[in-house]
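>>> next come a sequence and a model predicted from it.
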Amino acid sequence: MPNEVGEQTYAAAYCLCQLDHHGQHDTDPLDVKAEEEAEPDEDFMPTQYESEPEEERGPQNPFVELAARRGGEGADSYLQNNARDLGNRPEDLAYNWHSSDYLFEQFGKQLDFLTLAKLLPECIRRTRNDPGTLTEAQRVMFNRVYNHYQVQFSGGIPAQLLIHVDGPAGTGKSYLIDMISTYLFNMAEQHGQPDPVLRAAPTGVAAFGIQGQTLHQLIQLPVRKLFEPLSNSVLLSLQQLYQHCQYLIIDEKSMIGLPDLYQIDARLKQIFPNHSDKPFGGMNILLCGDFYQLPPVGASPLYDTLPATKIELTTAKELYQRFDETVRLAQIMRQQGDDNSSIQFRMLLQGLRLGEMADENCQFLQQRVEDNLPLNVRTTFENSLRIYPTRAAVCDYNFAALRKCGRSVL
């Protein structure tokens, strides 16, 4: 059964079985019986509709097998069009690639591991940090949520918590989210309860930073499709996921639009039908982020003041007004230091956030342009990670580096 291997669906359990027991199961006896009972037709001749049987293939070399498993990839097609020399140079063709077969086999095992890891339940790494390391504003927020959760273990029924956590980049929002999540989990564990917290963000990168999931995955929000009620099977799986959840922490709220907030509310009410008369189905929500950062794509931001033209936007604005508590984080924790460069760098970041770049900020940045740096400083960046605006630019740099490395390339 799926639940015996920790899976929610038969499809996931089957994929897991394929990876874990590949080639270990006996042939299906039904198939064997069919082969034994079948009598060959001596008069049979292939026709134009029936092809000749293929010759039995021997084992492929590890690289060919690995390439077939991976399928086509964007970098491969770019390589064919823009870096055809790689793999065809004299040094590439002369190299004995079969001496590296064991490496391809190891890489294949790594692909199997990653595929299997995606099927297994998520493992959250929790680090029990000391609340004494929190700033004053962080501690206010931590105590608010911690005491709110503690009420139910004293026999009380806490009121729904809808609260903002505002703060520029570097003020410790992610650190605070991790602290709240860890201590609520510990409190729940002490009382024999499951984890009461789920974390989400609009993008995968933001969700990864808080050990969460994307909103579209966690709440099944549609992507470029109409918002519709969930099917019974999908709804049941979500209700199982949210069965013990009491707090939903949403990060990067600047990227959430009014339509998204409306859909979050509608989805949570569908998940918790007994509390559909309450905002967000009665779920406690912590809305974290900085409205000076990236806005939502193609949608009105949560703070939009223009008259709503649709009932969904009107409802979303009313929902946003329900967040009646705000904790503001102001102390920068990421960029510290009292020297002139550190102070000027913090001022520069604040200017970028507000869209107010002074001439001295531009001059400060000019000092870090590569041509303005001494050679001994430039060499320290030779092996640094580079960020480019397009995949094509990434491929250009990577292929140029392969050409310069002085090694054979396959």
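Arrived safely.

>>> where does the prediction get shaky in the stretch 101-250 of the chain?
Across the stretch 101-250 of the chain, the ranges flagged by pLDDT under 70 are 104, 117-127.

>>> quick one, strands of the stretch 101-250 of the chain?
Using DSSP state E, counting those that start in this stretch, the strands of the stretch 101-250 of the chain run over 162-166, 197-201, 213-214, 247-250.

>>> which among the ones you listed is found nearest to residue 234?
When the strands of the stretch 101-250 of the chain are compared by C-beta to C-beta, strand 213-214 sits nearest residue 234, at 15.2 Å. C-beta coordinates here come from the backbone N, C-alpha and C atoms, glycine included.

>>> so what secondary structure elements neighbour that closest one?
On a contact count with 3 or more C-beta pairs under 8 Å, 6 or more residues apart in numbering; DSSP states H and E, strand 213-214 meets strand 197-201, helix 204-209.

>>> and of the ones you listed, who's closest to residue 242?
Ranking the helices and strands packed on strand 213-214 by proximity to residue 242 (C-beta to C-beta) places strand 197-201 first, at 7.3 Å.

>>> list the helices and strands that closest one packs on?
Partner elements for strand 197-201 (3+ C-beta pairs under 8 Å, 6+ apart): helix 173-190, helix 204-209, strand 213-214, helix 215-218, strand 247-250.

>>> please parse this structure into its domains.
Here the domain assignment for the chain is 118-328, 340-404, based on the TED database.

>>> identify whichever of these lies nearest to residue 83.
Ranking the domains of the chain by proximity to residue 83 (C-beta to C-beta) places domain 340-404 first, at 4.3 Å.

>>> hmm, residue 288 and residue 169 touching each other?
No. Between residue 169 and residue 288 there is no contact under C-beta atoms under 8 Å: 12.0 Å.

>>> neighbour count for the two, which is higher?
Set side by side, residue 169 and residue 288 show more neighbours around residue 288, with 25 against 16, by other C-beta atoms under 10 Å.

>>> start and end of stretch 334-342, how far apart?
Chord length of stretch 334-342, first to last residue, is 11 Å (C-alpha to C-alpha, to the nearest Å).

>>> same question for stretch 186-202: list its buried residues.
For stretch 186-202, a neighbour-count test (16 or more other C-beta atoms under 10 Å) marks 188, 193, 195, 196, 197, 198, 199, 200, 201, 202 as buried.

>>> these two touch, right, residue 91 and residue 405?
No. Residue 91 is beyond contact range of residue 405, at 11.2 Å (criterion: C-beta under 8 Å).

>>> tell me the contacts of residue 308?
258, 314, 316, 317 (C-beta atoms under 8 Å, 6 or more residues apart in numbering).

>>> mind giving me the ChimeraX command for buried ones among those?
In ChimeraX syntax, the buried subset of the contacts of residue 308 is picked out as below (16+ other C-beta under 10 Å):
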select :258,316,317
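
>>> how about the contacts of residue 308 in CSV, adding secondary structure and distance to residue 278?
CSV is the format used below for these (DSSP: H, G, I helix; E, B strand; the rest coil; distance: C-beta to C-beta, whole Å):
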residue, secondary structure, distance to residue 278
258, helix, 19
314, helix, 18
316, helix, 16
317, helix, 18
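
>>> what about residue 263, distance to residue 286?
Noted for residue 263: a distance of 18 Å to residue 286, by C-beta to C-beta, to the nearest Å.

>>> more neighbours, these two?
residue 286 (26 against 20).

>>> and the more buried one, what are its bridge partners?
Taking DSSP bridges as the rule, residue 286 bridges to residue 163, residue 249.

>>> pretty sure it is touching residue 166, no?
No. Residue 286 is beyond contact range of residue 166, at 11.4 Å (criterion: C-beta under 8 Å).

>>> for stretch 324-332, list every residue counted as buried.
For stretch 324-332, burial by neighbour count (16+ other C-beta under 10 Å) applies to 327, 329, 332.

>>> CA atoms only for that stretch - export them in CSV, please.
Below are the C-alpha coordinates for stretch 324-332, written out as CSV (Å, rounded to 0.1, in the frame of the first residue of the first chain):
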residue,chain,number,x,y,z
ASP,A,324,-4.5,44.7,12.0
GLU,A,325,-1.1,44.1,13.7
THR,A,326,2.3,45.1,12.4
VAL,A,327,5.8,44.6,13.8
ARG,A,328,8.6,46.6,12.0
LEU,A,329,12.2,45.3,11.9
ALA,A,330,14.6,48.2,11.4
GLN,A,331,18.0,47.0,12.7
ILE,A,332,20.2,45.8,9.8
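
>>> what's in contact with it?
If you take C-beta under 8 Å, 6+ apart as the criterion, stretch 324-332 is touched by 135, 137-138, 140-141, 144, 161-168, 170-173, 176, 346.

>>> swap the cut-off to 6 Å and go again
Residues outside stretch 324-332 that contact it (C-beta atoms under 6 Å, 6 or more residues apart in numbering) are 135, 137, 140, 141, 163, 164, 165, 166, 167, 170, 171.

>>> and those, which two are the farthest apart?
163 and 170 (21.0 Å).

>>> and the helix or strand containing residue 341, how far out from the chain's middle?
Secondary structure assigned from DSSP states H and E places residue 341 in helix 340-354. Relative to its parent chain, helix 340-354 has a centroid offset of 30 Å by C-alpha atoms, centre = their mean, to the nearest Å.

>>> that one packs against which elements?
Helices and strands touching helix 340-354, by 3 or more C-beta pairs under 6 Å, 6 or more residues apart in numbering; DSSP states H and E, are helix 359-366.

>>> most packed of the helices and strands packed on strand 197-201?
strand 247-250 (a mean of 24; mean count of other C-beta atoms under 10 Å).

>>> just checking, what packs against that one?
If you count contacts as 3+ C-beta pairs under 6 Å, 6+ apart, strand 247-250 packs onto strand 197-201, strand 284-289.
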